[in-house]
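Trainee: requesting a structural model of the entry that follows:
(2 chains)
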Amino acid sequence: MRIIVLIKQVPESTEVRINPETNTLIREGVKSIINPFDTYALEEGVLIKERLGGTVVVMTMGPPQAREALQDAIALGADEAILLSDRAFAGADTLATSRALAAAVRKLEPYDLIICGKQAIDGDTAQVGPEVAEFLDIPHVTYVRKVRELEPGRAVVERMVEGAVETVEMSLPGLITVVKDINQPRIPSLKGIMKARRATIPVWTPADVGLPEEVVGLRGSPTAVEKVFVPQVERRGEVIEGSPEEVAEVLLSRLQSVGVL
Amino acid sequence: MMADGALSDLIRVLADRCTGCEACVGVCPTGAIEMREGVAWIGDACNLCRACVSTCPAEAIEVAATARAEAAEGRGVWVFVEHRRGQVAPVVYELLGQARGLAETLGTKVSAVLAGEGVASGAGAAADPVAGEGAGPLAAELIARGADEVLVVDDPALADLREEPVATALADLVRERKPEIFLFGATALGRSLAPRLAARLGTGLTADCTGLDIDPGRRILVQTRPAFGGNLMAVVVCPHHRPQMATARPRVFRPLAPDASRRGEVITFPVDGSRLLSRTRLLDYAEEVTEMVKLEDADIIVAGGRGLGGAEHFSLLFELARLLGGAVGASRAAVDAGWIPYYHQVGQTGKTVAPKVYIAVGISGAIQHLAGMSSADVIVAINKNPQAPIFKVANYGIVGDLFAVIPALIEAIKRRRS
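Mentor: Next up is the predicted model:
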């Protein structure tokens, strides 16, 4: 099996906090990590390789320091890594990102399975996986919690949807996005860390993947972020005081008077 | 004079305007901005999110324009109809309600796009205008809920709404009728199908929107969505490509009350089934029978967090939820501690809920948790720590010991009922 895992480097979410006085984000020594959902994608790829043989290629698009995420992925069991990095890729929305990743994946043909995390914790869009599949003209299944069967040309997976589980058969090559129920990612081995240190990671530009600069990055993006702001979630609340019996009575009366009970 | 940053052709600091206030340094989520000789400098960690642009009080940061396409054309607001076993997903009615407002501002129509197998039965002959009550049951309901017309594509290949054949059918319809806006529910299906269609059409798609409005001056859709797990809200536009596509978060927009007197048109489109190929096949659909009331559908949610202190104490919450006819939710802390299964988790990495009442018990209220429940109509917080951030979003706050308050609440409810 030849498996391609698409990952994203993101800021560690716990370090994104709001300063209540200035209402801005506080960062303390910004640390970048592999998007947590992508670690499950990588682990699944490595588990499949260990079971059936083959290779795992990990790929990301990002600034030069995204190389660190790829090294971490090698330490976690990926065999090869490819970095799409060029100033022309910067500012891509999901469409331009997917177009670039798909063009790079084409250079790696033939492959059996592409695995992505269900979404990135910074953008939360969950769109890049299905869009890559469409650009590559392969089937995809999102929110996969289990790969039940896998053989050349065919897979059966379990997919989580609202209040139910679907069992879906798909032809391969195909793409899945995975949820965190699928496995428990390992910690890097010493051998893996040594391998990551020695790894050579090729850097591909738009020209390397055969795309003109106008269709990638900011210039290839139909959508634009016009404004970013910190949400105001505060409500003017009433504090209910008294003994447990008193607060219980007052709360029930309040809920009944606003018509929600 | 321009500061020479790493992406200076895409984003730049106008050094003569920069006052050195450092507001941008604090707001940058990737830490790409530093001060050099008193002027902001943007390094190559920048992902062009524009948080700095909207923060800068001196308007000293500029971003280049995005992709241009052929002159944008198209009219009409479309809503994709997600359905299963004859039941329309509630988010469809919410979107139809919102679409009505958008269409009225634009002076155009709302179209419900109904694809599937057997959905046209009784829906009227092709292009034959019929009254809402004469249409098939699904189409009639869609009209009563705000659609001016129902566009129907019916073929056995569209059973189970598999992404590939539905995307093919929708792409054909879009190319023929040219809508300006196409909305999907941000459900498992919507978030899987819409990106497939957007990539095929080469247009923009904005995920999981919580705000959809029209900028009448530019005649464009202004899409607001949470990012960074709800820490930031982003306003996204798709100025030059049509249709402007968005998935919208369920339970954010209000459906219209059904109005059986509304009239609309049902138009059935012929389709060449041999083109509707699917390389995925649904083998089984198994509902999870884990809760009496599904968390997402519950009007009342009683949710527990770290303050519960152990799995055994969740029985208190289950008893309260049962009395109220509600469901039990949990914070990530409680789930990670193994006190309650993951499918109860509410928040950024769990479920998004919007009940009438959300009772947060022993939950501190991390922003990731608030992201999943802050659109509840009424929030009640019970926590012994008066500083807990949950109190900032609560309509009613009780500072106290949950192990005293919850039993008292249970007794009070029982007393009222007896």
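Trainee: my guess is A:Ala155 meets A:Ile114, correct?
Mentor: No - in this structure A:Ala155 lies outside contact range of A:Ile114 using CB atoms under 8 Å: 11.6 Å. Where C-beta positions appear, they are placed from N, C-alpha and C, glycine not excepted.
Trainee: what about A:Pro202, neighbour count?
Mentor: A:Pro202: 10 surrounding residues under other CB atoms under 10 Å in any protein chain shown.
Trainee: stretch A:93-112 vs chain B: in contact?
Mentor: Yes - applying CB under 8 Å from any CB of the partner chain, one finds stretch A:93-112 in contact with chain B at A:93-96, A:98-99.
Trainee: I should have written stretch A:120-133 there, sorry.
Mentor: Yes - contact between stretch A:120-133 and chain B is present through A:121-131, A:133 (criterion: CB under 8 Å from any CB).
Trainee: show the end-to-end separation of that stretch, please.
Mentor: Terminal residues of stretch A:120-133 are spaced 17 Å apart (CA to CA, to the nearest Å).
Trainee: the stretch 151-300 of chain B: strands as residue ranges?
Mentor: B:181-185, B:205-209, B:211-215, B:220-227, B:232-237, B:244-248, B:265-269, B:280-287, B:300-304 (DSSP state E, counting those that start in this stretch).
Trainee: can you tell me which of those strands the model trusts least?
Mentor: Lowest mean pLDDT within these: strand B:232-237, at a mean of 88.
Trainee: can it be said to contact chain A?
Mentor: Yes - with CB under 8 Å from any CB as the criterion, chain A is reached by strand B:232-237 at B:232-237.
Trainee: so what strands line up beside that strand?
Mentor: Strand B:232-237 has the following strand partners under DSSP bridges: strand A:224-229 (antiparallel), strand B:220-227 (antiparallel).
Trainee: could you export the residues of strand B:232-237 next to chain A as JSON lines, including neighbour count?
Mentor: JSON lines is the format used below for the residues of strand B:232-237 next to chain A (neighbours: other CB atoms under 10 Å in any protein chain shown):
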{"residue": "B:Leu232", "neighbour count": "21"}
{"residue": "B:Met233", "neighbour count": "18"}
{"residue": "B:Ala234", "neighbour count": "22"}
{"residue": "B:Val235", "neighbour count": "19"}
{"residue": "B:Val236", "neighbour count": "24"}
{"residue": "B:Val237", "neighbour count": "21"}
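Trainee: sorry, back to before: so which of the residues of stretch A:120-133 next to chain B would you say is closest to B:Val153?
Mentor: A:Pro130 (20.3 Å; CB to CB).
Trainee: please name the residues that touch the residue in the stretch 101-250 of chain B positioned nearest to chain A.
Mentor: Residue of the stretch 101-250 of chain B nearest chain A, by CB to the nearest CB: B:Gly204 (3.3 Å). By CB atoms under 8 Å, 6 or more residues apart in numbering or on different chains, the contact list for B:Gly204 reads A:93, A:95, A:221-223, B:198, B:238, B:241, B:244-245.
Trainee: got it, and B:Pro195?
Mentor: Residues in contact with B:Pro195 (CB under 8 Å, 6+ apart) are A:94, A:98, A:126-131, A:134, B:205.
Trainee: for the strands of the stretch 151-300 of chain B, could you give me JSON lines that also reports distance to B:Ile379?
Mentor: Compiled in JSON lines, the strands of the stretch 151-300 of chain B are given as follows (distance: least, CB to CB, whole Å):
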{"stretch": "strand B:181-185", "distance to B:Ile379": "24"}
{"stretch": "strand B:205-209", "distance to B:Ile379": "21"}
{"stretch": "strand B:211-215", "distance to B:Ile379": "20"}
{"stretch": "strand B:220-227", "distance to B:Ile379": "17"}
{"stretch": "strand B:232-237", "distance to B:Ile379": "19"}
{"stretch": "strand B:244-248", "distance to B:Ile379": "22"}
{"stretch": "strand B:265-269", "distance to B:Ile379": "42"}
{"stretch": "strand B:280-287", "distance to B:Ile379": "29"}
{"stretch": "strand B:300-304", "distance to B:Ile379": "10"}
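Trainee: just to revisit the earlier point, distance to B:Arg417 added to the residues of strand B:232-237 next to chain A, as JSON lines?
Mentor: Listed next are those as JSON lines, based on distance: CB to CB, whole Å:
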{"residue": "B:Leu232", "distance to B:Arg417": "45"}
{"residue": "B:Met233", "distance to B:Arg417": "42"}
{"residue": "B:Ala234", "distance to B:Arg417": "46"}
{"residue": "B:Val235", "distance to B:Arg417": "47"}
{"residue": "B:Val236", "distance to B:Arg417": "48"}
{"residue": "B:Val237", "distance to B:Arg417": "52"}
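Trainee: report pLDDT for residue 259.
Mentor: As the question left the chain open, I've gone with chain A. 71.
Trainee: chain B is the one I meant
Mentor: pLDDT at B:Asp259 comes out at 95.
Trainee: so it touches B:Ala144, yeah?
Mentor: Yes - the criterion here is CB under 8 Å, and B:Asp259 meets it with B:Ala144 at 5.5 Å.
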